[in-house]
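**Q** With the sequence up front, the predicted model follows.
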Amino acid sequence: MAVIELADVSRAFTVTSRSGWRRTRREVRAVDGMTFSVEPGEVMGYIGPNGAGKSTTIKMLTGILVPSGGTIRVAGVDPSRHRLKLARRIGVVFGQRTTLWWDLPLKDSFAVLQKMYDVPLARHRENLATFVELLDLRDLLDVPVRQLSLGQRMRGDIAAALLHDPEIVYLDEPTIGLDVISKARLREFLAQVNAERRTTIILTTHDLDDIEALCTRVMVIDHGHQIFDGTLDGLKSSQSAPRTLVVDLAATLPPIQVTGATVIKTDGPRQHLTFPTNTSAAPLLAEIAANYPLVDLSVSEPTIESVITQLYNTA
Ligand SMILES: Nc1ncnc2c1ncn2[C@@H]1O[C@H](COP(=O)(O)OP(=O)(O)OP(=O)(O)O)[C@@H](O)[C@H]1O
């Protein structure tokens with residue numbers, strides 16, 4: 001049974017703008033007719049350009065915002081009507097803000113959360129020990145949150161969001177501003193939590209490596225509408241972003257002529273060609289090898305960035 005269900009959900013805001021003495025009001029439909037469901041244990045990437053409606057959706061799923069239309073059920077309840085009841089069953093991490101107490105050492109924040117969520121002490125200790133180990137928090141427990149680096153604080157925030165064993169976790173830009181090693185460590189941790197606890201994860205991110213590393217499902221939204229819902233491979237093959245062929249020749253030549261491919265760049269004896277995703281590379285290779293002094297050659301698939309850019313442009 002689905003753990004998150006949205007049926008025709010919308011949320012509008014009235015925005016007032018001023019030009020001289022004139023004030024004009026207009027309605028922004030941040031989320032517009034959104035319908036989807038999420039099964040327990042799914043890791044869903046929720047992506048879209050700035051202003052697409054991601055945060056508004058997450059705020060409605062946590063109960064902070066009330067929808068203007070449609071219905072939402074999370075863990076069987078309407079989030080805005082049962083916000084406190086739901087709080088025990090969900091965890092939330094906003095990459096740009098901390099939920100920890102700024103002046104308290106990390107371990108005291110964790111102790112407050114144990115009381116707030118009324119987590120049995122034995123279970124709290126067990127979870128804490130696991131997260132301290134996996135997130136490498138041991139040396140940070142006595143440090144006030146204000147003295148932690150961004151990456152250290154984020155590890156603390158993630159542990160804090162999971163200490164009460166939530167069934168669903170919303171992560172809004174959890175890797176923003178982190179270095180490559182911290183990002184990798186965090187992704188590994190989240191994958192492990194999902195595998196071992198079957199925690200449902202909704203991940204909002206602009207870092208597509210997060211999506212590649214973690215998500216079994218991707219939802220792309222734009223202007224409050226869903227424009228794609230499926231697997232990452234499905235997303236890649238849904239668009240005809242061109243593939244690239246990099247050809248190294250024995251000599252610097254004018255752009256080569258190949259049926260079905262176009263030279264987009266030359267760099268001495270190296271030439272870059274694009275060709276459609278749905279075309280096989282084999283006949284191109286054969287034609288080049290037959291007509292030109294070929295030394296080496298490689299084919300690269302479209303990047304996920306290029307696929308998504310194309311999706312936004314065609315939506
Ligand atoms: N409280 C508000 N009042 C007025 N307009 C709002 C409010 N919150 C959001 N919006 C508008 O709703 C639209 C969606 O905003 P939202 O924050 O959900 O986008 P987002 O996809 O999370 O963007 P980002 O990637 O920049 O965080 C935007 O046009 C935004 O300006």
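**A** Perfect, I can see it now. Numbering: from 1, shown residues only.
**Q** now the strands: where do they sit in this structure?
**A** With DSSP state E as the definition, the chain shows strands at residue ranges 4-19, 22-38, 43-47, 69-74, 90-94, 168-172, 200-204, 217-222, 225-230, 243-249, 262-267, 270-275, 294-300.
**Q** Return the set of buried residues in the fourth one.
**A** Of the residues in strand 69-74, those scored as buried under the neighbour-count criterion (16 or more other CB atoms under 10 Å) are 70, 72-74. Placement of C-beta: from N, CA and C, glycine included.
**Q** Contacts only, for Gly230.
**A** Gly230 is in contact with 217-218, 238, counting by CB atoms under 8 Å, 6 or more residues apart in numbering.
**Q** Please spell out the PyMOL selection for the buried subset of the residues you listed.
**A** Buried subset of those, written as a PyMOL selection, criterion 16+ other CB under 10 Å:
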select buried, resi 217+218
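**Q** Would you reformat the contacts of Gly230 as TSV and include distance to Arg97 and pLDDT?
**A** Converted to TSV, the contacts of Gly230 look like this (distance: CB to CB, whole Å; pLDDT from 0 to 100):
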residue	distance to Arg97	pLDDT
Arg217	26	95
Val218	25	94
Ser238	34	75
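**Q** so which of the contacts of Gly230 comes closest to the ligand?
**A** Val218 (14.8 Å; CB to the nearest ligand atom).
**Q** does that closest one really touch Gly45, like I thought?
**A** Yes. Shown here, Val218 and Gly45 form a contact pair, counting by CB atoms under 8 Å, at 4.5 Å.
**Q** Identify the contacts common to these two.
**A** 211, 232.
**Q** can you give me the offset of stretch 82-90 from its chain's centre?
**A** When distances are taken as CA atoms, centre = their mean, to the nearest Å, stretch 82-90 is centred 23 Å away from the chain's centroid.
**Q** Also stretch 108-121?
**A** Distance, centroid of stretch 108-121 to centroid of chain: 29 Å (CA atoms, centre = their mean).
**Q** What of stretch 112-129?
**A** So, by CA atoms, centre = their mean, the centroid of stretch 112-129 is 28 Å from its chain's centroid.
**Q** ends of that stretch, how far apart?
**A** 16 Å (CA to CA, to the nearest Å).
**Q** quick revisit: any chance of the buried residues of strand 69-74 in a markdown table with distance to the ligand and pLDDT as columns?
**A** What follows is these, written out as a markdown table (distance: CB to the nearest ligand atom, whole Å; pLDDT from 0 to 100):
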| residue | distance to the ligand | pLDDT |
| --- | --- | --- |
| Gly70 | 16 | 97 |
| Ile72 | 15 | 97 |
| Arg73 | 20 | 97 |
| Val74 | 17 | 96 |
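**Q** Good, we can wrap up now.
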